[in-house]
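> sequence unknown, structure follows:
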C-alpha cells in the first residue's frame with residue numbers, strides 16, 4: 001500500500017555487513033581528510049552496529065570522528081543490516 005500523500009515514509013534497504021563497509025568507506029573518503037581512512041569495519045553489537053575506522057598517520061582524528069558519527073547516522077536511516085548474509 002503506498003504511503004499517503006504528505007507522509008514521511010522512510011524506506012530502508014537490507015544490506016550485508018561487507019557491502020555496508022564498502023558504502024561507508026566510499027562515503028567517508030569523500031569528506032575532507034577522508035583520504036587518510038585506510039579501513040572500515042562494521043562492529044555488530046546485539047541488534048545494533050557501529051563503524052570502526054582505521055586511519056593512517058597524519059589524519060585529523062577529530063574531523064574523522066565527526067564524519068564517522070554523521071555517516072553512521074545517515075547509513076542507519078538508509079539501511080537495515082543483515083548480519084546473516
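Received the coordinates, thanks. What you see is a predicted model; the values in this text were computed from it and never measured.
> For residue 83, give me its contacts.
17, 44 (Cβ atoms under 8 Å, 6 or more residues apart in numbering). Every C-beta, even on glycine, is put in place using the N, C-alpha and C of the backbone.
> same question, residue 72
Residues touching residue 72, when contacts are defined by Cβ under 8 Å, 6+ apart, comprise 24, 50, 51.
> Which ones among those lie within helices?
When DSSP state H defines the helices, the subset of those inside them is residue 24.
> Pull out the buried members of the contacts of residue 72.
Burial by neighbour count, 16 or more other Cβ atoms under 10 Å: within these this picks out 24, 51.
> ok, so of the contacts of residue 72, who is nearest residue 10?
Top of the list for closeness to residue 10, among the contacts of residue 72 and by Cβ to Cβ, is residue 24 at 19.3 Å.
> Just give the closest residue to that closest one, not the sequence neighbours.
Nearest in space to residue 24, with sequence neighbours left out and distances taken as Cβ to Cβ, 6 or more residues apart in numbering, is residue 40 at 4.8 Å.
> who's in contact with residue 52?
Residue 52 makes contact with 40, 41, 42, 43 under the criterion Cβ under 8 Å, 6+ apart.
> Any figure for the gap between the residue nearest to residue 24 and residue 10?
Here the criterion is Cβ to Cβ, to the nearest Å. By it, residue 40 lies 24 Å from residue 10.
> about what we covered before: remind me what the one helix or strand the residue nearest to residue 24 maps to packs against, helices and strands.
If you go by DSSP states H and E, residue 40 is part of strand 37-45. Using 3 or more Cβ pairs under 8 Å, 6 or more residues apart in numbering; DSSP states H and E as the contact criterion, the neighbours of strand 37-45 among helices and strands are helix 17-29, strand 48-55.
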